[in-house]
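A.B. asks: give me coordinates for this.
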Amino acid sequence: VPLHEPGCAFGSMHLATSKDNSEFPTIVQNYSYLISMISHIAHQQRPGIAKQGLCQPFTEREAECLHWIAIGKTYGEIALILDITERTVKFHAQNIIKKMNAINITQAIIKALRMNLI
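C.D. replies: Numbers count the residues shown, from 1 in each chain. Model prediction:
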């Protein structure tokens, strides 16, 4: 069962039995929902160490812009939402890109998602 960790790391949960346990496949099948839930809980409770990879924390405004960009708003829409200019949104996006050591805002968003920053 895969377990995804922050910062692109991953692990797995293994189920084991003796070779002569013929009931094991049936047990796994009958409890597959429970096994899946354990995996989900382990994923939700993982440590937040990935945030340490960020050199500089986001400002409050950068975090707001990142949130809106990540859900698909255009720079113009974000400017209206935050009552700032589109140029200012682009300025914050460039800061996000630099802080995430990314080549564009899409890569910055993916990195931020993998690091549980958004």
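
A.B. asks: any idea how far Glu64 lies from Tyr33?
C.D. replies: 38 Å (Cβ to Cβ, to the nearest Å). Backbone N, C-alpha and C define where each C-beta goes, glycine included.

A.B. asks: which one of those two has more residues nearby?
C.D. replies: Higher neighbour count among Glu64 and Tyr33: Glu64, with 17 against 8, using other Cβ atoms under 10 Å.

A.B. asks: Pro25 versus that one, what's the distance?
C.D. replies: When distance is defined by Cβ to Cβ, Glu64 is 50 Å away from Pro25.

A.B. asks: work out for me the element Arg87 sits within.
C.D. replies: Using DSSP states H and E, Arg87 sits in helix 86-99.

A.B. asks: and the next element down the chain from that helix?
C.D. replies: Counting by DSSP H and E, what follows helix 86-99 is helix 105-114.

A.B. asks: keeping just the C-alphas, turn that following helix into PDB.
C.D. replies: The C-alpha coordinates for helix 105-114 follow below in PDB (Å, rounded to 0.1, in the frame of the first residue of the first chain):
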ATOM      1  CA  ILE A 105       4.400  29.400 -11.700                       C
ATOM      2  CA  THR A 106       3.100  25.900 -12.700                       C
ATOM      3  CA  GLN A 107       6.200  24.200 -11.400                       C
ATOM      4  CA  ALA A 108       6.100  26.400  -8.300                       C
ATOM      5  CA  ILE A 109       2.500  25.300  -7.600                       C
ATOM      6  CA  ILE A 110       3.500  21.600  -8.100                       C
ATOM      7  CA  LYS A 111       6.400  22.000  -5.700                       C
ATOM      8  CA  ALA A 112       4.300  23.700  -3.200                       C
ATOM      9  CA  LEU A 113       1.600  21.000  -3.400                       C
ATOM     10  CA  ARG A 114       4.300  18.300  -2.900                       C
END
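
A.B. asks: give me the mean pLDDT for that helix.
C.D. replies: For helix 105-114, the mean pLDDT works out to 88.

A.B. asks: Met37: which element?
C.D. replies: Met37 belongs to helix 32-44, assigned by DSSP H and E.

A.B. asks: buried stuff in that helix?
C.D. replies: Ser39 (16 or more other Cβ atoms under 10 Å).
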